[in-house]
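Participant: Below: sequence and its predicted model.
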Amino acid sequence: MYLSKRTYVRKWDYTPAEKQYDVVITRGGQPCTSIDLNKITYIEEQAAYWRKANQIHGWFVDNVQDGKDNCSQYYVTKENLTELLDLCYQVKEEPIDAPCFLPVSNGCFFGSEEYDEYYFRQIDNTIQALESILQDWDEEADYYYQSSW
């Protein structure tokens, strides 16, 4: 389960200098000549990663993917991530109500369906990741969620 940050870096003749990125790729400390830097369009970073956090995946399916659980890539807004973070905070404040806020999801390769230590560890990891992403939010980047089973 991945949240990716994709930044458009393509240089066009008409792109103002303040909007251009300088991209340097090296291999073994030497410039990599097998990649044409003029053809690079995006830089994609892994913004967050989850493993078997079925409550988080279920939330993305229901709130970002229109109920489709098909391992495709889906655009995620700042508002989406803020909403998910708020739900994680609510789970931390009222753990007994976790099934109301972020219920577990069942399915192949989904991990435990218990509200146990692993569930709450995933909530903590999600809070940490989303706080960092939202604190350093990049308005010029796009964010995407994708699962892979």
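Facilitator: Yep, that arrived.

Participant: Quick one: list the elements packing against the longest helix anywhere in the chain.
Facilitator: Using DSSP state H to define each element, the chain has its longest helix at helix 117-135. Secondary-structure packing of helix 117-135 (3 or more Cβ pairs under 8 Å, 6 or more residues apart in numbering; DSSP states H and E): strand 2-8, strand 42-49, helix 54-63, helix 78-93, helix 98-101. No exception for glycine: its C-beta is placed from N, CA and C like everyone else's.

Participant: Try it again at 6 Å.
Facilitator: helix 78-93 (3 or more Cβ pairs under 6 Å, 6 or more residues apart in numbering; DSSP states H and E).

Participant: in the helix it packs on, what's buried?
Facilitator: 80, 81, 84, 85, 87, 88, 90, 91 (16 or more other Cβ atoms under 10 Å).

Participant: From these, pick the one nearest residue 141.
Facilitator: Of all the buried residues of helix 78-93, residue 81 has the smallest distance to residue 141: 12.5 Å, by Cβ to Cβ.

Participant: Now that closest one. Nearest residue, chain neighbours left out?
Facilitator: Ranked by Cβ to Cβ, 6 or more residues apart in numbering and with sequence neighbours excluded, the top spatial neighbour of residue 81 is residue 130, at 5.4 Å.

Participant: ok, how many other residues are close to that neighbour?
Facilitator: 21 (other Cβ atoms under 10 Å).

Participant: same question, the one 3 residues further on
Facilitator: Counted with other Cβ under 10 Å, residues neighbouring residue 133 total 19.

Participant: Distance check, the residue lying closest to it once chain neighbours are set aside against residue 78.
Facilitator: Closest residue to residue 133 apart from its sequence neighbours, by Cβ to Cβ, 6+ apart: residue 47 at 5.4 Å. Applying Cβ to Cβ, to the nearest Å, the value for residue 47 to residue 78 is 12 Å.
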